[in-house]
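> 3D model of this:
(chains A, B and C)
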Amino acid sequence: MKLLPQDWYFRDVQAVARDLVGRHLKRGDVILRVTEVEAYCGPSDTAAHTRMGHTPRNAPMWGEGGHAYVYLCYGIHNMLNVVTGRGDGTAVLIRSAETVAGLATICRRRSGKTGPALLTGPGKVGQALDLSTDWSGHALFRTGGLQLLEGTPARRLIAGPRVGIDYAEPDDIRAHLRFADADSESMTHRRQFKH
DNA sequence: CACAGGATCGTT
DNA sequence: ACGATCCTGTGT
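As a prediction, the model looks like this:
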């Protein structure tokens, strides 16, 4: 399976977000197919971490596309984002996935859990890939560690509002910047999506 | 240095 | 509905 080249990420965050659904994340024997994502559109997006400008944590979001941005949420969950563009503070959050390979490893990392909700949620994806904030800034377009591969893009997408951003401005809360594979079962808050 | 709050999850 | 769990960003 082919790696996506770095210039694949050098596009508008929303275009990359839509194109990211169906792609594969590979680390060791584990391969996940991305089924749900959210676009965070830079400093003017009051839901984005870059809304406050440059900080040590969000530094990877201000760098070149193709790198991971991993941060700790609620002191527990390691959230994986894919940085897009070329230094414009944009990134795509990986929210849900399907198992392609490495089910036994994933199951072990997820405390023995399995079933349809195995990878529905950004914290679960981070756990399945055994990520920590040490991975923030990692290049996804090179062999080794964590990689983003061509995978099998979605035939149809559905879109809806982003989750867990009540602190943002109303227009940003309402914006349809969450995208999922319409033909997948693996997603969060299914009823908030529209066709 | 202290504080408030968070792009969540699993259980109650 | 709630607690876990800790780092981040802000203010003093």
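> apart from its neighbours in sequence, what residue is nearest A:Val16?
A:Thr84 (4.4 Å; CB to CB, 6 or more residues apart in numbering). C-beta here means a position set from N, CA and C on the backbone, and glycine is covered the same way.
> A:Ile158 now?
A:Ile158 sits nearest to A:Phe193 (CB to CB, 6+ apart), 4.2 Å away.
> what's the burial count for that neighbour?
Look at A:Phe193: counted by other CB atoms under 10 Å, it has 19 neighbours.
> now swap in A:Thr84 and tell me
A:Thr84 has 30 nearby residues by other CB under 10 Å.
> show me where chain A has helices.
With DSSP state H, the ranges of helices along chain A come out as A:13-20, A:103-109, A:122-128, A:170-174.
> returning to that earlier point: quick one: the residue nearest to A:Val16 from A:Ala47, how far?
Distance, A:Thr84 to A:Ala47, by CB to CB, to the nearest Å: 15 Å.
> ditto for A:Glu169
Distance of A:Glu169 to A:Ala47, computed by CB to CB: 8 Å.
> next: A:Glu64.
Taken as CB to CB, the span from A:Glu64 to A:Ala47 is 22 Å.
> look at these two and report which has more neighbours.
A:Ala47 (20 against 15).
> correct me, but the more buried one touches A:Asp172?
Yes. At 4.9 Å, A:Ala47 and A:Asp172 qualify as touching, with contact defined as CB atoms under 8 Å.
> what sits in contact with each of these two?
Common neighbours of A:Ala47 and A:Asp172, counting by CB atoms under 8 Å, 6 or more residues apart in numbering, are A:Ile165.
> tell me who's in contact with the residue most central in space within chain A.
Nearest to the geometric centre of chain A sits A:Ile94, at 1.7 Å (CA atoms, centre = their mean). Remark: with contacts taken as CB under 8 Å, 6+ apart, A:Ile94 is in contact with A:Leu20, A:Leu25, A:Val34, A:Glu36, A:Val37, A:Met79, A:Leu80, A:Asn81, A:Val82, A:Pro122, A:Val125.
> residues in chain A within reach of DNA strand B, list them.
A:38, A:40, A:47-50, A:61, A:69, A:72-77, A:79, A:81, A:91, A:93, A:110, A:113, A:117, A:120-124, A:162-167, A:188 (CB under 7 Å from any atom of the strand).
> coming back round to it: ok, what's across the strand from the nearest residue to the residue nearest to the centre of chain A once chain neighbours are set aside?
Distances taken as CB to CB, 6+ apart put A:Leu80 closest to A:Ile94, at 4.8 Å, once the chain neighbours are dropped. Counting by DSSP bridges, A:Leu80 forms beta bridges with A:Val70.
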